[in-house]
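S.K.: give me the fold of what follows.
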Amino acid sequence: MRTEATASRRRPHVSSAPEDVRTLPGAPAPTALWPGDPRELGARFCRGPGGTEGTGFALWAGGAEAVDLCLFDDDGRERRLPLTGPTDEVWHGFAPGVRPGHRYGYRVHGRWDPWTGARWNPAKLLLDPYARAVDGEFRHAPQTFGHVLGWPQAHLADTVRDDRDSAPYVPRGVVVRDAAAGAWADRPGTPWADTVLHELHVRGFTRLHPAVPERLRGTYAGLAHPAATGHLRALGVTAVELLPVHQFAPEGTLLGRGLTNYWGYKSVGWFAPHAGYAATGTRGEQVTEFRAMVHALHAAGIEVILDVVHNHTAEGSELGPTYSLRGIDNRGYYRLAPDARRYADVTGCGNTLDARRPQALRLITDSLRYWVTEMGVDGFRFDLAAALARTERDVDTLAPFLAAIAQDPVLRRVKLIAEPWDVGPGGYHLGGFPPPWSEWNDRYRDAVRDFWRGALPDVRDLGYRLTGSSDLHDRAGRRPRASVNFVTAHDGFTLRDLVSYEHKRNAANGEGNRDGTDDNRAWNCGHEGETDDPAVNALRRRQIRNLLATLLLSTGVPMLTAGDEMGRTQRGNNNAYCQDNEVSWVDWSLLRDPAWRPVRRLAARLIALRRAHPVLRRDAFFSGRPQEGVRDLAWFTPAGCEMSESDWFAPTVAFGMYLSGRDLPQCDPRGRPVSGDSFLVLCHAGAGPVEFVLPGEPWARAYELVVDTSREDQSAAPGTRHPGGGPIAVPERSVLVLRALL
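M.R.: Numbers count the residues shown, from 1 in each chain. Purely as a prediction, here's the structure:
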């Protein structure tokens, strides 16, 4: 059997070439570090012994043989100082005089034996996983790989160590000052039942905004600008869900095609706001700018939720570069395959963080707490959350990650949203996460899309989706807020494209149109792609109004995607992850387009209607039991009769949903019972009009029409009244919302 020691000796090395090593004449002479404190990981500006100001450094590197702290002066010259340790597997030191703004990295020494998962290589400058800011760029170069890129024996490609210095090609961490005590007293604290999410991209949201100063467009400061917060406030959303803002790295394959990692799902620094979104600088200024953005959003009554990618990193598979965790302790941070040389990948991204291990779990939870306590965020959406909840093999509700979150006094109080699946075996777990988690509900998306395109075989599933998905979530103390309802998200068609394309148009991604899903569940309204046909365009806008009304009137937590409220298009691209251009950016000129202004007005009216009436944002599931003579939830056929068992199993294009606001099973903040108006929602996906008989007493003596999606002009409520027991004409492909008059 090959031992680690002999294996290391038998691996050929590539020696440093003079042209690949930065010569730093005049670098300051090394000085010894003080021992410092191993308990606080990362770089912490503080006072050391005797009140001396400086920065404490601490790095967990369990199997390392030595660790060098690398300090960089303003000219880029590097000074290497050995850290003390290990103390409980942590290497540590205190650097007197090192203040916020100073740049640093690590070099970690240890065995090189990929056959056992050991991939230490001190030639590679490593980013501190606890770095709070990052300065510089990741440059795609062979020197950034721990192994020799392009080794002629392909089967050994990742096993031959590359000893060339990576420092000229990778960024540095930056020392950052802590936030002031009590900085986040202005949190909106919106209850889950009142929450309306708006998923957006920091750069793409304001990159084209004409009212945002050009130097701020596409930045944290741009999102904080009154023109941006004013739009969100006028729309009525209560929280932004930001696509990844952790420091991320580019992908070499994309750079080779002239593209970039636009979405940011390649994190490499979980404490650092992505430097590319900062308008003010990258020596810690990006941290200040991000905090100012959060304050501005909070002042507008809007919470900030981060889409976080803790399931994998930008280092990719064993063939990927060495930026941070791989070079610190590969075996301690990643899930390895049985042969240890390769990774156990349930993310589809080359590697999987091993959240079973205390040090990896600590990295995740320390990062999350930092963003809450130091950066002011109000919650998190976890990409591929099932990967974090795996034990030895299967997804487990008793997994260490879920247990750690549940008992944490900071994290258990914030909003937690799971993308409840990964790509591993048994990875689909919608409805399987415990309280207090909410979950992205893709079954809601699919059922609503199928109904409005006329492809739903029956309405059984749709009934559950519109009322909070109790079949998935009504257990273990969960509530309707467990279901985050959405029709579109960043991944897939925009709302406009959903009614304009049936087939993806992803050629610009450079993958032969093979990327992105083929299961779009879309209907192009009779013409593929954009058209000048006024009838087709009018139908498309009506379908958008139908989808918005369905989403914003459903029980659960609605999520809009930025730009859908004004008809944003990606020209049929349903996987624009690499399109940092007009394909992905929000087109604000649509707000001046008379064809699309009414759509935004309708979205705002629907959100206001939801906010004004508690039955539209219930905090408890419907029971179906009578309340004051009527059930809290009832379903009607166009004939005005309650739906029978056979009706649920028959093809249906029109139905009514009665939501009773009488004696709701919830209380206001003072403990008083809540009640309000009742509503009848008529949904008709058919191609011709239908006459609907309105339920009479005890449901209502009359009804007031408050929303009619067949109307192009949404500037004012319809306001007409109709007697209970009488007919109402429901136009083709429309939603009517009627307030019950008792």
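S.K.: neighbours of the residue lying closest to Asp383 once chain neighbours are set aside, how many?
M.R.: Among residues not flanking Asp383 along the chain, Val309 sits closest, at 4.6 Å (C-beta to C-beta, 6 or more residues apart in numbering). Every C-beta, even on glycine, is put in place using the N, C-alpha and C of the backbone. Val309 is flanked by 25 other residues according to other C-beta atoms under 10 Å.
S.K.: how far away is Val309 from Pro244?
M.R.: For Val309, the distance to Pro244 (C-beta to C-beta, to the nearest Å) stands at 6 Å.
S.K.: which residues do those two both contact?
M.R.: 264-265, 267, 383 (C-beta atoms under 8 Å, 6 or more residues apart in numbering).
S.K.: out of these, which are buried?
M.R.: Among the shared contacts of Val309 and Pro244, those classed as buried by 16 or more other C-beta atoms under 10 Å are 264-265, 267, 383.
S.K.: show me the chain divided up by domain.
M.R.: Following automatic domain parsing, one finds the domains of the chain at 4-174, 192-611, 623-741.
S.K.: any idea how far the second one is from the middle of the chain?
M.R.: This points to domain 192-611. 4 Å (C-alpha atoms, centre = their mean, to the nearest Å).
S.K.: so that it lines up with my notes, have the first residue be 43 from now on.
M.R.: Sure, I'll start counting at 43 from here, so that last one is domain 234-653.
S.K.: rounded mean pLDDT for that domain, please.
M.R.: Averaged over domain 234-653, pLDDT sits at 97.
S.K.: distance between the ends of it?
M.R.: The straight-line separation of the ends of domain 234-653 (C-alpha to C-alpha, to the nearest Å) is 12 Å.
S.K.: between the buried ones among the shared contacts of Val351 and Pro286, which is closest to Leu444?
M.R.: In terms of C-beta to C-beta, no member of these lies closer to Leu444 than Asp425, at 15.7 Å.
S.K.: any idea how far the nearest residue to Trp162 once chain neighbours are set aside is from Leu168?
M.R.: Nearest residue to Trp162, sequence neighbours excluded (C-beta to C-beta, 6+ apart): Gly152, at 3.1 Å. In this view, Gly152 and Leu168 are 12 Å apart by C-beta to C-beta.
S.K.: more neighbours, these two?
M.R.: Neighbours per residue (other C-beta under 10 Å) separate Gly152 from Leu168, with Leu168 holding more: 26 against 22.
S.K.: which ones are touching the more buried one?
M.R.: 147-150, 364-366, 369-370.
S.K.: narrow those residues to those in helices?
M.R.: 369-370 (DSSP state H).
S.K.: measure the residue nearest to Trp162 to Gly215 for me?
M.R.: Distance from Gly152 to Gly215, by C-beta to C-beta: 20 Å.
S.K.: ok, Cys709 - how many residues close by?
M.R.: Applying other C-beta under 10 Å, we find 11 residues neighbouring Cys709.
S.K.: contacting residues for it?
M.R.: Counting by C-beta under 8 Å, 6+ apart, the residues that Cys709 touches are 715-716.
S.K.: again, but for Val279
M.R.: Contacts of Val279 (C-beta under 8 Å, 6+ apart): 238-240, 344, 602, 649.
S.K.: now, those residues that are in helices?
M.R.: The helices, defined by DSSP H, take in Ile649 from these.
S.K.: now, which of the contacts of Val279 sits nearest Arg660?
M.R.: Using C-beta to C-beta, the contacts of Val279 come closest to Arg660 at Val238, 14.4 Å.
S.K.: hang on, that closest one packs against Gly278?
M.R.: Yes - checked against C-beta atoms under 8 Å, the pair Val238 and Gly278 is within contact range at 6.5 Å.
S.K.: what sits in contact with each of these two?
M.R.: Ile649.
S.K.: which one's more surrounded, these two?
M.R.: Val238 (22 against 19).
S.K.: would you mind measuring from that one to Leu537?
M.R.: From Val238 to Leu537 the distance is 16 Å (C-beta to C-beta).
S.K.: hang on, isn't Arg214 packed against Arg145?
M.R.: Yes - counting by C-beta under 8 Å, Arg214 touches Arg145, with 3.8 Å between them.
S.K.: between those two, which contacts overlap?
M.R.: Overlap of the contact sets of Arg214 and Arg145 (by C-beta under 8 Å, 6+ apart) consists of 114, 177-178.
S.K.: what's the first-to-last distance across stretch 253-262?
M.R.: Stretch 253-262: ends 15 Å apart by C-alpha to C-alpha.
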